[in-house]
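> Got a predicted structure plus its sequence, pasted below:
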Amino acid sequence: MEYVLGHGTENDFVLLPDPDARLDLGPAAVRALCHRRRGLGADGVLRVAPSEDPGATWFMDYRNADGSIAEMCGNGVRVFARYLVEAGLESGREFDVATRAGLRHVTVGEGEVTVDMGPARIGAESTAIVPSTAGPVGSVTSFPGIAVDVGNPHLACVTGADVDALDLTVAPGYDPALFPHGVNVEFLSPLTDGLATRLRVHERGSGETRSCGTGTVAGAVAGLRAAGRDTGTVTVTTPGGVLQVGVEAGTTTLTGPAVLIARGEVELGGSDTEPYAFTRVAQVARA
Ligand SMILES: N[C@@H](CCC[C@H](N)C(=O)O)C(=O)O
């Protein structure tokens, strides 16, 4: 079948066009596709499926690299929208995409794609725990944070610590009673006067990624709250690039680059009960 590779601020995805909804995509196939040595390599998979919601033509079926299903992906929906326009599956540059978190309105520009992300709901205060980089081996540091729901769950921690020095090679600890289905954890510096911040993220189901759209929105909302504000336009620098988040009363927007990198063909073999192997992978074009 055809595949397309794309990324938004280096949060990368395998897109699988499935216009007739014939593909039975199991977790083992997703893990194999996303594997960075044995597969195509990506943070997640975006199956392009017909929408059952009359408000949209296409449904973004998002899967994390470990094969788990998530409700929403902010960078993913921007890359998905870029693909729909470039593949001629949408004729205009403004339309809705169906996701498990509901419809998302996208505006596809030449370089950047904006998505209306809907409301970001602030929840309880909690803590994230990461290995200490300075203390004795095995010691940990606890970071205060706040739960933010952007369609999927986040724990956003605004910290004066050096965000770049944190050890995010293992999943941060969190309160499972507050996040029974797991959580994406962000660490960000306090907002500057110009409302800029630097953010790193450990994603549920994908590990540390170079960027996370929903995480960026959650971080911006938490950063504004820590600065005593409810609204504003926040510039978020992630390891993979820069995103703009608009936070208004009752809604948020996310803007940044969305790029298609390559396309090719892959034949999926194996099953969810046997070791997975590709029978053939052929890349036919690279942008
Ligand atoms: N990278 C995505 C978020 C993907 C889903 C997340 N890992 C989850 O499990 O909720 C983004 O750009 O928002």
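Ah, there it is. Numbering: from 1, shown residues only.
> tell me which parts of the stretch 101-250 of the chain are close to the ligand?
Within reach of the ligand by CB under 6 Å from any ligand atom, the stretch 101-250 of the chain has these residues: 152, 184, 203, 204, 205, 206, 209, 212, 213, 214. C-beta: built from backbone N, CA, C; applies to glycine.
> Farthest pair within the residues you listed?
Greatest spatial distance in those: 205 and 213, 14.8 Å, computed using CB to CB.
> okay, the two: which has more neighbours?
Shown here are residue 205 and residue 213; by other CB atoms under 10 Å, residue 213 has more neighbours (30 against 19).
> Tell me, what's the model's pLDDT at that one?
The per-residue pLDDT reported for residue 213 equals 98.
> how close does it sit to residue 269?
Distance of residue 213 to residue 269, given as CB to CB, to the nearest Å: 32 Å.
> so when I look at residue 127, I'm seeing a helix, right?
No - under DSSP: H, G, I helix; E, B strand; the rest coil, residue 127 sits outside any helix and is assigned strand.
> Run through who's touching stretch 178-188.
With contacts defined as CB atoms under 8 Å, 6 or more residues apart in numbering, stretch 178-188 is touched by 123-124, 126, 128, 143, 145, 147, 152-159, 161, 163, 166, 168, 171-172, 174, 197-205, 212, 214-216, 218-219, 222-223, 236.
> Quick check: end-to-end length of it?
One end of stretch 178-188 sits 21 Å from the other (CA to CA, to the nearest Å).
> pretty sure residue 114 contacts residue 253?
Yes - under the criterion of CB atoms under 8 Å, residue 114 makes contact with residue 253 at 5.8 Å.
> before we move on, back to that, of the contacts of stretch 178-188, which qualify as buried by neighbour count?
The neighbour-count criterion (16 or more other CB atoms under 10 Å) marks 126, 128, 143, 145, 147, 152-159, 163, 166, 168, 171-172, 174, 197-205, 212, 214-216, 218-219, 222-223, 236 among the contacts of stretch 178-188 as buried.
> Among those residues, which lie within helices?
Among the buried ones among the contacts of stretch 178-188, the ones falling in helices (DSSP state H) are 214, 215, 216, 218, 219, 222, 223.
> Pairing partners for the strand or helix carrying residue 186, with directions?
Assigned by DSSP states H and E, residue 186 belongs to strand 184-188. When pairs are called by DSSP bridges, strand 184-188 turns out to pair with strand 153-158 (parallel), strand 196-203 (antiparallel).
> check contacts around residue 3.
14, 15, 16, 33, 40, 263, 264, 265, 266.
> circling back to that earlier point, what are the buried residues along the strand holding residue 186?
For strand 184-188, by 16+ other CB under 10 Å, it's 184, 185, 186, 187, 188.
> next one: stretch 98-109
Residues 98, 99, 101, 104, 105, 106, 107, 108 are the ones in stretch 98-109 that count as buried (16+ other CB under 10 Å).
> In helices only, show me those.
Using DSSP H, no member of these falls in helices.
> Among those, which ones are in strands?
98, 99, 104, 105, 106, 107, 108 (DSSP state E).
> wait, what's in contact with the third one?
With contacts taken as CB under 8 Å, 6+ apart, residue 104 has the following neighbours: 72, 77, 96, 97, 115, 116, 117, 118.
> and what of the fourth one?
Residue 105 is in contact with 94, 95, 96, 115, 116, counting by CB under 8 Å, 6+ apart.
> Quickly list what it is bridged to.
In this entry, residue 105 is beta-bridged to residue 96, by DSSP bridges.
> can you count the residues close to residue 73?
Neighbourhood size, residue 73 [other CB under 10 Å]: 31.
> hang on, isn't it packed against residue 61?
No - when contacts are counted by CB under 8 Å, residue 73 is not listed as touching residue 61 (10.4 Å).
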